[in-house]
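Quick one: sequence and predicted model below, then my questions.
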Amino acid sequence: MQAPLIDPFQRAISYLRVSVTDRCDLRCLYCMAEQMTFLPKAELLTLEELDRLCSTFIGMGVKKLRVTGGEPLVRRGIMDFFRAMSRHLSSGALEELTLTTNGSQLAKYADDLAACGVRRINVSLDTLDDGKFAHITRWGRLNQVMDGIAAAKAAGMRVKINTVALKGFNEDELFTLLDWCATQQHDLTFIEVMPMGETGDRLDQFWSLKDLRRSIGERLSLIPLAERTGGPARYVQVAETGQKVGFITPLSHNFCESCNRVRLTCTGELYMCLGQEDRADLRDAMRSGLSDGGLEDAIRRAISLKPKGHDFDYSRREVAGQMPRHMSHTGG
Ligand code: SAM
Ligand code: SF4
């Protein structure tokens, strides 16, 4: 066992999020442009490279691995990768293997994912209305996602719904979403829209979760929970239903001081912070024939560059801290 990964601010890095593709079968308005130019295949980490890198991180103390994208379930052979990673669950080195998905392919893969030891998944869903879903995703079909969620539940996985709070889009569905999740026993987390990629006016889209939370509080009693995941989410319990609701508030409140995570892009760049440019190119290091020890040193050097936090800020009525990268490249 290696020495744990500790960054310059004494934060232990135990959580790796890995984007396995920049491609997606949807085109959510806040995430992608309609005409996206995707990366040539040779740029992407192969499944073997993904395995080597993730396994190295796990050997260095990463306990939680989240697979994301783009849409992870559209990557060819992705189940081979999940099967490969499940060996680290069996050995006890990894505590949790999970994914974030748009749910469109979940009906097909739910049983296989459960068999690989995936116990919880996040499904992104911003509306329960067919027409609005087709609009926000540009061409998605809501019933496909609903079938996927049902399949995940039937396979024994716990589902958390991730909803991006969008002004003028899903404000009117706040209580519909809460009720549906309570009935279905899904956890629900709201996310503030972040300035990633050039996809429209963020200030127009931005619905502060402070306001959203206040609106819920006018009808329901919210009990703050002490639970922390080392990320930007804070949780409450709705007294009336017992359901758990999360708020990811990178804009109205950041929680960088307890950040425990780093992100690996589908091209093998390690980003130490979603909202900063500090990164290390691990793909080129690997492709130049670096030894396992050399790769570990490269990872340690990268972690020593982890910045204190991001600079996203809309408070001056302009977008500050804008990142040119799309979320689908870095992995949301
Ligand atoms: N395709 C998968 C999905 O939609 O769940 C995984 C990748 S997606 C980039 C991960 C999460 O990022 C989704 O919940 C999505 O809603 C969120 N997201 C994408 N762009 C965002 C943005 N600009 N601000 C906030 N959240 C965003
Ligand atoms: Fe695809 Fe997820 Fe981005 Fe939507 S949020 S376009 S589903 S990657």
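Cool, got the structure. Ligands and ions are numbered 1, 2, ... in the order given.

Output the set of residues of the stretch 1-150 of the chain in proximity to ligand 1.
Cys24, Tyr30, Cys31, Thr68, Gly69, Glu71, Thr100, Thr101, Asn102, Ser124 (Cβ under 6 Å from any ligand atom). Heads up, the C-betas are built off the backbone N, CA and C, glycines and all.

Does the fourth one touch Ser19 like I think?
If I follow you right, that is Thr68. Yes. Thr68 is in contact with Ser19 according to Cβ atoms under 8 Å; the separation is 5.5 Å.

And the residues of the stretch 1-150 of the chain next to ligand 1, which two are furthest apart?
Tyr30 and Thr101 (17.0 Å; Cβ to Cβ).

The residue of the stretch 101-250 of the chain found nearest ligand 2: what's it in contact with?
Taking Cβ to the nearest ligand atom, ligand 2 has its nearest neighbour within the stretch 101-250 of the chain at Asn102, 3.5 Å off. By Cβ atoms under 8 Å, 6 or more residues apart in numbering, the contact set of Asn102 is Cys24, Asp25, Leu26, Glu71, Val123, Ser124, Thr137, Gly140, Val145.

Can you narrow these down to the ones near ligand 2?
Applying Cβ under 6 Å from any ligand atom to these, those adjacent to ligand 2 are Cys24, Leu26, Glu71, Ser124.

show me the contacts for the residue lying closest to the first one once chain neighbours are set aside.
For Cys24, ignoring the flanking residues on the chain, the nearest one in space by Cβ to Cβ, 6 or more residues apart in numbering is Glu71 at 4.2 Å. If a contact means Cβ under 8 Å, 6+ apart, then Glu71 has Thr21, Arg23, Cys24, Asp25, Leu26, Thr101, Asn102, Ser104, Gln105 as its contacts.

what about the nearest residue to the last one once chain neighbours are set aside, which SS state?
Using Cβ to Cβ, 6+ apart and skipping the chain neighbours, the partner closest in space to Gln105 is Leu73 (3.8 Å). Remark: Leu73 carries the secondary structure label helix [criterion: DSSP: H, G, I helix; E, B strand; the rest coil].

Relative to Ile13, how far out is Leu73?
Taking Cβ to Cβ, to the nearest Å as the measure, Leu73 falls 26 Å from Ile13.

need the strands for the protein, in chain order.
15-19, 64-68, 96-101, 120-124, 158-165, 187-192, 222-224, 233-238, 244-248, 261-264, 269-271, 279-281 (DSSP state E).

got a markdown table for those, with mean neighbour count and mean pLDDT too?
Shown next, in a markdown table, are the strands of the chain (neighbours: other Cβ atoms under 10 Å; pLDDT from 0 to 100):
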| stretch | mean neighbour count | mean pLDDT |
| --- | --- | --- |
| strand 15-19 | 24 | 96 |
| strand 64-68 | 23 | 97 |
| strand 96-101 | 21 | 98 |
| strand 120-124 | 21 | 98 |
| strand 158-165 | 21 | 97 |
| strand 187-192 | 22 | 95 |
| strand 222-224 | 12 | 96 |
| strand 233-238 | 19 | 93 |
| strand 244-248 | 21 | 94 |
| strand 261-264 | 24 | 92 |
| strand 269-271 | 23 | 93 |
| strand 279-281 | 18 | 92 |
